[in-house]
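Colleague: Could you look at this predicted model? Sequence included:
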2 protein chains.
Amino acid sequence: MLSIGDLSKRTGVKVPTIRYYEQMGLLAAATRSEGNQRRYERSDLDRLAFIRHARDLGLDISAIRELIALGSHPQQPCGDIDRIAAEHLSGVREKIAKLKKLEEELERIVSHCDGNHAIKDCYVIRSLSDHGLCEGEH
Amino acid sequence: MLSIGDLSKRTGVKVPTIRYYEQMGLLAAATRSEGNQRRYERSDLDRLAFIRHARDLGLDISAIRELIALGSHPQQPCGDIDRIAAEHLSGVREKIAKLKKLEEELERIVSHCDGNHAIKDCYVIRSLSDHGLCEGEH
DNA sequence: ATCTCAACCTCCAGACATTAGAGGTTTGAG
DNA sequence: CTCAAACCTCTAATGTCTGGAGGTTGAGAT
């Protein structure tokens, strides 16, 4: 049996976050010690690792809840699960595309500015003020 | 003179968000009509466009406040502005790198799942449960 | 057996950048 | 002049945690 602190150390999920996940219904309410402290076992550790992994991938709480619910019917076909992951993949791709445009623009801004001219002539300020200077759209 | 709704339409920033920016000190308190409604002019539109642009680039409110403050002393050299932009650039690059790893992993996960086997054998669930299946780190 | 102090408990509040709603007032077009 | 749309302020919610206050428990050392 693990304390909440043990669980935290092993998964890298902070203690209040574990309690939050319990509150959000991602983790079943833990069994308690005589003194009312949460006690966890192997299966809780696995589930928390699953949650953490999914969060790292950027899935939100409700998506994870959906996955967990689906996962509890292991005989059914996994089409829905596939759909959730695929939807998320396209979301991630969009974010990457956006960020790449931002990266280019910031690069351009920084490379034009040597840090030594007066602010009124600074390319950073000029290009932030005047969207027309941007090469891409965003 | 523009109403807050006009400003909103022209910049794509929602009305309550404009009021929020005023509250946060990014926009100066607008002049008011006789009936206490906000009235804006050209310079407000420019500044709001600046703010919006900076937010699109992912700068947070305090960074924007900093830029605005620096921009109001146009005789000083722009080293600080350059620093803010450069710091932000490295943040964006980190985000991109992270998301690319996620993209790869999600691709791998999705491609292994044809949506037709039982959930207990689904690669999505298996790889979320077992970090050891990941090729990269995250 | 007792002491001690880290780790635990609950509840509440804050962080971020908005967004939405309630309830009331002003504006401007017909 | 009327009346709906747009405005006002204030409050509260969103999502995902994170921190603190104030009090209790657990476990190792004496």
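Modeller: Sure thing, it's come through. Numbering: from 1, shown residues only, chains lettered A, B, ... in the order given.
Colleague: how many neighbours does A:G25 have?
Modeller: Residue neighbour count, defined by other CB atoms under 10 Å in any protein chain shown, stands at 12 for A:G25. Yep, even glycine has a C-beta here, placed from its N, CA and C like the rest.
Colleague: and the gap between it and chain B?
Modeller: 17 Å (CB to the nearest CB, to the nearest Å).
Colleague: Lowest average confidence across helices and strands of chain A, where is it?
Modeller: Every helix and strand in chain A was compared by mean pLDDT, DSSP states H and E; the lowest is helix A:123-129, with a mean of 65.
Colleague: Packing partners of the longest helix that chain A contains?
Modeller: Looking across chain A with DSSP state H, the single longest helix is helix A:79-112. With contacts taken as 3 or more CB pairs under 8 Å, 6 or more residues apart in numbering or on different chains; DSSP states H and E, helix A:79-112 sits against helix A:61-71, helix A:123-129, helix B:79-111, helix B:123-129.
Colleague: Pick out the shakiest of those, pLDDT-wise.
Modeller: Of all those, mean pLDDT reaches its minimum on helix A:123-129 (a mean of 65).
Colleague: So which bits of chain A are right by DNA strand C?
Modeller: A:3-6, A:8, A:15-16, A:19, A:30, A:36-38 (CB under 7 Å from any atom of the strand).
Colleague: among these, which ones are buried?
Modeller: A:4, A:8, A:30, A:38 (16 or more other CB atoms under 10 Å in any protein chain shown).
Colleague: and of the residues you listed, the nearest to A:L106?
Modeller: Nearest to A:L106 out of these is A:S8 (CB to CB; 36.1 Å).
Colleague: so what pLDDT did the closest one get?
Modeller: A:S8 is assigned a pLDDT of 96 by the prediction.
Colleague: What of the one 5 residues further on?
Modeller: Model confidence at A:V13, expressed as pLDDT, equals 95.
Colleague: any residue of stretch A:63-72 up close to DNA strand D?
Modeller: No. Stretch A:63-72 lies apart from DNA strand D when judged by CB under 7 Å from any atom of the strand; the minimum separation is 7.9 Å.
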